[in-house]
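> Quick one: sequence and predicted model below, then my questions.
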Amino acid sequence: MKTYEARIRTDNGSFKTTTVQARDMLHAKQLLEDRYGVGKVTITNGSR
């Protein structure tokens, strides 16, 4: 598993940063979109 950082766009238009552990970048985006909604997630870095 790798750790990815992402920006999440909130309902009021601001952003928050979160991290997620996933197999790869696509998996990380899918996990976060399941939680926050499609189109609200931007992965901001590669794995650490």
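Nice, I can see it.

> Could you list the low-pLDDT ranges of the protein?
When residues are selected by pLDDT under 70, those of the chain lie in 46-48.

> hey, where'd the strands end up in it?
Along the chain, counting by DSSP state E, strands occupy 2-9, 15-22, 41-43.

> Could you tell me which residues within the shortest one count as buried?
Which is strand 41-43. Residues 41, 43 are the ones in strand 41-43 that count as buried (16 or more other CB atoms under 10 Å). Yep, even glycine has a C-beta here, placed from its N, CA and C like the rest.

> Can you list the neighbours in contact with it?
Residues outside strand 41-43 that contact it (CB atoms under 8 Å, 6 or more residues apart in numbering) are 4-9, 25, 28-29, 32-33.

> now the second one
Strand 15-22 is contacted by residues 1-10, 28, 31-32, 44 when judged by CB under 8 Å, 6+ apart.

> what sits opposite the most centrally placed residue in the chain in the beta ladder?
Nearest to the mean C-alpha position of the chain, by CA atoms, centre = their mean, lies A6 at 3.9 Å. Beta bridges link A6 to T18, I43, judged by DSSP bridges.
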